[in-house]
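>>> return atomic coordinates for the entry below.
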Amino acid sequence: MPKCSDNCGMSRSVRGIAWRACLAFLLFVPASAARAESSAEDKGLASLLFQQGRALLLEGKIPEACQKLGESQRLDPSGGTLLNLALCHEREGRLASSWSEFREAAHIARRDGRPDREAEATTHVGALEPRLSRLTIVVSPAVQVAGLRIERNGHEVGRGAWSTAIPVDGGEHIVRATATGREPFNVTLAIGAESDARTIEIPALATAIVPPPPAVALPREAEQAPLMSPTTRRRVGIGTAGAGVLLLAAGGWALAAALNAKDESSVDCTGDVCGPLGRQKRSEAVSRGDLATILGISGAVLVGGGVALYYFGRRGGAPRRETTPTALRVSFGAAPGVAMTAIEGRF
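I've put the predicted structure just below:
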């Protein structure tokens, strides 16, 4: 059985003969294993692509051959196709991919009882291993924040592969580190096709800075537009003051009721000593007095606010030749059974 390893001491013509001998061995390997799950259409297309890929490989059209064989293996995986694909990738210079595929092909051949295939694949694995380029991604414990994700060329590198010399094909490799709430880290490395070793250490990811939302400039009309027109202010002011007057009236009634209850308690009280009826009346007097205070203060606030709104509404309207000063006076009084509220002013 011919050996397909590439000895550096071989002359160019001898190496060419070795490649052709290796191809001749692989071209007659039937692509048969692991086709149970492929449809009839996939099998047919995979067989066609396999034949085209072998022909291109013999013609020395390596990239085209690898594309055909790779698609054939995807559609209908088999040990024979995988051996051809591994050889194609080796000739293309993708040594890490070829090494991995030869390892898998050796495993499949061992499972299927094909010692010839297993020996061929194992020979290539041993020859390729010292020629592999490797990339080590170092992630120290100090930078391992929650949600940290490391990617190489868009594929995640699991924690088990951190700080491990990973066999890689030559060319550019993009290493990216991300984590929630952190600024991402990106670096592009150029790695040699053969026997190159590179190491990249992931730095601590900086906390992401969220920019403030952009300021929205308002039109001058919007900036200068009042919240309420003068007419609306006057109407709101009148309504607010009216509500305040009602509260003042209710406060006067509550005060009168409080005074009346206090007077009624004197029938059953001597000084601070009261009977059941006296205590009840005095309790009513206190509660109604508190209610009168709350209503009176609330009413006064509403009346004052309403007057202010009305006043500024008038000032915001058309100018007047004569200005009448605004004045307001609120008074209320109470007697047993009677409540009085009076409002007088000029507007």
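>>> the strands in the stretch 151-300 of the chain, which residues?
155-156, 165-168, 171-178, 185-191, 197-201, 269-270, 273-274 (DSSP state E, counting those that start in this stretch).
>>> any chance of the ones you listed in TSV with mean neighbour count, mean pLDDT and distance to residue 79 as columns?
Every residue, glycine included, has its C-beta placed from N, CA and C. Below are those laid out as TSV (neighbours: other C-beta atoms under 10 Å; pLDDT from 0 to 100; distance: least, C-beta to C-beta, whole Å):
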stretch	mean neighbour count	mean pLDDT	distance to residue 79
strand 155-156	8	96	25
strand 165-168	17	96	21
strand 171-178	16	96	28
strand 185-191	14	96	30
strand 197-201	14	96	32
strand 269-270	13	75	112
strand 273-274	14	76	109
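>>> any chance of the ones you listed in JSON lines with distance to residue 305 as columns?
As requested, the strands of the stretch 151-300 of the chain are exported to JSON lines (distance: least, C-beta to C-beta, whole Å):
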{"stretch": "strand 155-156", "distance to residue 305": "64"}
{"stretch": "strand 165-168", "distance to residue 305": "75"}
{"stretch": "strand 171-178", "distance to residue 305": "56"}
{"stretch": "strand 185-191", "distance to residue 305": "59"}
{"stretch": "strand 197-201", "distance to residue 305": "68"}
{"stretch": "strand 269-270", "distance to residue 305": "41"}
{"stretch": "strand 273-274", "distance to residue 305": "41"}
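>>> just so I know, which of the ones you listed lies nearest residue 87?
When those are compared by C-beta to C-beta, strand 165-168 sits nearest residue 87, at 17.4 Å.
>>> what is the closest one packed up against?
Strand 165-168 makes packing contacts with helix 95-112, strand 133-138 when contacts are defined by 3 or more C-beta pairs under 8 Å, 6 or more residues apart in numbering; DSSP states H and E.
>>> what about 10 Å?
On a contact count with 3 or more C-beta pairs under 10 Å, 6 or more residues apart in numbering; DSSP states H and E, strand 165-168 meets helix 95-112, strand 133-138, strand 197-201.
>>> next one: residue 77 from residue 71, what distance?
Using C-beta to C-beta, to the nearest Å, residue 77 is found at 12 Å from residue 71.
>>> from the chain's centre, how far out does the lengthiest helix in the chain sit?
Using DSSP state H to define each element, the chain has its longest helix at helix 276-316. For helix 276-316, the separation from the chain centroid amounts to 53 Å (computed by C-alpha atoms, centre = their mean, to the nearest Å).
>>> stretch 67-87 now?
For stretch 67-87, the distance to the chain centre is 40 Å (C-alpha atoms, centre = their mean).
>>> output it as CSV, restricted to C-alpha atoms.
The C-alpha coordinates for stretch 67-87 follow below in CSV (Å, rounded to 0.1, in the frame of the first residue of the first chain):
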residue,chain,number,x,y,z
GLN,A,67,-15.9,22.4,-2.6
LYS,A,68,-17.4,19.5,-4.5
LEU,A,69,-16.1,16.9,-2.0
GLY,A,70,-17.2,19.0,1.0
GLU,A,71,-20.8,19.3,-0.3
SER,A,72,-20.9,15.6,-1.1
GLN,A,73,-19.8,14.8,2.4
ARG,A,74,-22.5,17.1,3.8
LEU,A,75,-25.3,15.6,1.8
ASP,A,76,-24.3,11.9,2.3
PRO,A,77,-21.5,11.4,4.9
SER,A,78,-19.2,8.5,4.2
GLY,A,79,-15.7,7.3,5.2
GLY,A,80,-14.4,7.3,1.6
THR,A,81,-15.6,10.8,0.8
LEU,A,82,-14.1,12.0,4.1
LEU,A,83,-10.7,10.5,3.1
ASN,A,84,-10.7,12.3,-0.2
LEU,A,85,-11.8,15.6,1.4
ALA,A,86,-9.0,15.3,4.0
LEU,A,87,-6.5,14.8,1.3
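>>> give me the buried positions along it.
Neighbour-count burial for stretch 67-87, with 16 or more other C-beta atoms under 10 Å as criterion, is recorded at 67-73, 75-87.
>>> show me the domain layout of this protein.
The record assigns the chain these domain ranges, following automatic domain parsing: 12-130, 133-201, 228-346.
>>> contact partners for the spatially closest residue to residue 166 that is not a sequence neighbour?
Of all residues not flanking residue 166 in the chain, residue 135 sits nearest, at 5.2 Å (C-beta to C-beta, 6 or more residues apart in numbering). Residue 135 makes contact with 96, 152, 157, 164-168, 173, 175, 189, 191, 196-200, according to C-beta atoms under 10 Å, 6 or more residues apart in numbering.
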